[in-house]
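>>> model this:
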Amino acid sequence: MVACLTSGIWICSTAGSEVLPPGVPACGSLGNSQPRQMLKVTERRDGNGIHFLVENLESADVTVTFDLGLVNLRGSTRFPFTTTLAPHQTTEAFSLSPIDEAREWHFSLTNAYTLGSSRAVHDDRFVYSLPYAAGHAFLVSQADDGAFSHSGPERHAIDWQMPEGTPVLAARGGVVVGTKDDSTTGGPDRRFENSANYILIQHSDGTIGNYAHLLKHGVRVSLGQTVVAGALIGLSGNTGFSSGPHLHFSVFKTKDGRERESIPIRFRTENEAAATLVSGKVYLAPHSVLAATKERVGAGLK
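Here you go, the predicted structure:
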């Protein structure tokens, strides 16, 4: 059985106490060994008030949850506090002020964040395209509630057994908000979990599609690019936590800064207009869109 654990998604936490100096960044990781700076948190004093400003450095929504311990301080909101930050914007998240200015005050702060919007509402009427060329068929090795790894936030992910280098097409249109394609490592062990190459595409309803375990240098799109369903976006591979060459695909929404959830989705196949895929079955991409697929995939079509 070919199976995998989630790849291309990250959740990060930082902690601090007292007041964050201006310009102190939050940490982040995108499946790489090196940290990635996703957010920048700064504080601004206004008399005895402290205003916390958060800059989203990503090209996509980021949801962050703040948890504070307060001594002789009141907040402008209740904690824990979750908010979604728009791409490349700076937002005042909250402020603190002393309850009794004559007494000492202090606080401890923890924040956790992850890609995506907590306000996203999936359009359940939408039917996804199979993420491979029309006229081609692949076996689903693991679907909803797959025993190996499709549980929790990956409950509704789909894995297709697929030879390395197979063209991967967008199952739904959207904006590319994350990519990685510099990894050559993979295997059936959790130590490879952060080594998968991937593409993340944010859809019009705020949900995000995750295409994982791609070939090294197999990404064919760039950050911020808008793609349509059926467009060539990458080449399948066997990187990350994987027991064999395959494509992992899931659609998820963010619950808060610590949690996300995958969403059950349906696909258009040769034989069904809106199929819920199951493990152990082969699914043929409809021939009716073959001409359009050839035009989009071009020389990459196998």
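>>> gap between stretch 256-276 and the chain center?
In this view, stretch 256-276 has its centroid 15 Å away from the chain centroid, taken as C-alpha atoms, centre = their mean, to the nearest Å.
>>> what's the answer for stretch 188-199, then?
For stretch 188-199 - counting by C-alpha atoms, centre = their mean - the centre lies 14 Å from the chain centre.
>>> now stretch 233-249
With C-alpha atoms, centre = their mean as the basis, the distance from the averaged C-alpha position of stretch 233-249 to the chain average is 16 Å.
>>> Could you do stretch 98-109 as well?
Using C-alpha atoms, centre = their mean, the distance from the centre of stretch 98-109 to the centre of the chain it belongs to is 38 Å.
>>> mind pulling up the phi and psi values for the closest residue to D205 other than its chain neighbours?
Nearest in space to D205, with sequence neighbours left out and distances taken as C-beta to C-beta, 6 or more residues apart in numbering, is D123 at 4.8 Å. Yep, even glycine has a C-beta here, placed from its N, CA and C like the rest. In this entry, D123 is assigned phi and psi values of phi -80, psi 100 (degrees, to the nearest 10).
>>> What's the mean pLDDT across the longest strand along the chain?
For the chain, the strand reaching the highest residue count under DSSP state E is reported as strand 208-219. For strand 208-219, the mean pLDDT works out to 95.
>>> Can you list the buried residues in that strand?
By neighbour count, with 16 or more other C-beta atoms under 10 Å as the criterion, the buried positions of strand 208-219 are 208-216, 218-219.
>>> ok, so what distance separates the residue lying farthest from the centre of the chain from L68?
Note on the chain: the largest C-alpha distance from the chain mean falls to A102, namely 46.3 Å (C-alpha atoms, centre = their mean). Computed with C-beta to C-beta, to the nearest Å, the distance linking A102 and L68 is 22 Å.
>>> Same check on E104?
As it turns out, when the distance is counted by C-beta to C-beta, E104 lies 17 Å from L68.
>>> So for these two, which residue has more residues nearby?
Taking E104 and L68 together and counting by other C-beta atoms under 10 Å, L68 has the greater number of neighbours (18 against 8).
>>> tell me which element that one falls in.
Per DSSP states H and E, L68 falls inside strand 62-71.
>>> Next: K253.
Following DSSP H and E, the helix or strand that holds K253 is strand 246-254.
>>> surely S129 meets L169?
Yes: contact criterion C-beta atoms under 8 Å: S129 and L169 qualify, at 7.0 Å.
>>> Would you state the strands of the stretch 101-250 of the chain in chain order?
Counting by DSSP state E, counting those that start in this stretch, the stretch 101-250 of the chain has these strands, from start to end: 106-115, 127-129, 137-142, 158-161, 167-169, 174-180, 186-187, 197-202, 208-219, 226-227, 232-236, 240-241, 246-254.
>>> got JSON lines for the ones you listed, with distance to R268 too?
Formatted as JSON lines, these follow (distance: least, C-beta to C-beta, whole Å):
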{"stretch": "strand 106-115", "distance to R268": "27"}
{"stretch": "strand 127-129", "distance to R268": "5"}
{"stretch": "strand 137-142", "distance to R268": "14"}
{"stretch": "strand 158-161", "distance to R268": "14"}
{"stretch": "strand 167-169", "distance to R268": "12"}
{"stretch": "strand 174-180", "distance to R268": "17"}
{"stretch": "strand 186-187", "distance to R268": "30"}
{"stretch": "strand 197-202", "distance to R268": "18"}
{"stretch": "strand 208-219", "distance to R268": "15"}
{"stretch": "strand 226-227", "distance to R268": "17"}
{"stretch": "strand 232-236", "distance to R268": "18"}
{"stretch": "strand 240-241", "distance to R268": "28"}
{"stretch": "strand 246-254", "distance to R268": "14"}
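>>> Out of these, which gets nearest to T84?
T84 lies closest, by C-beta to C-beta, to one member of those: strand 246-254, at 7.6 Å.
>>> The longest strand of the chain pairs with which strands?
Next to strand 208-219 in the sheet, as set by DSSP bridges, lie strand 197-202 (antiparallel), strand 232-236 (antiparallel), strand 246-254 (antiparallel).
>>> centre of the chain versus it, how much separation?
For strand 208-219, the distance between its averaged C-alpha position and the chain's averaged C-alpha position is 12 Å (C-alpha atoms, centre = their mean).
>>> low-confidence ranges in the stretch 151-300 of the chain?
For the stretch 151-300 of the chain, applying pLDDT under 70 flags the ranges 151-153, 288-300.
>>> How many neighbouring residues does S250 have?
Counted by other C-beta under 10 Å, the residues lying close to S250 total 25.
>>> Please consider this matter closed, and thank you.
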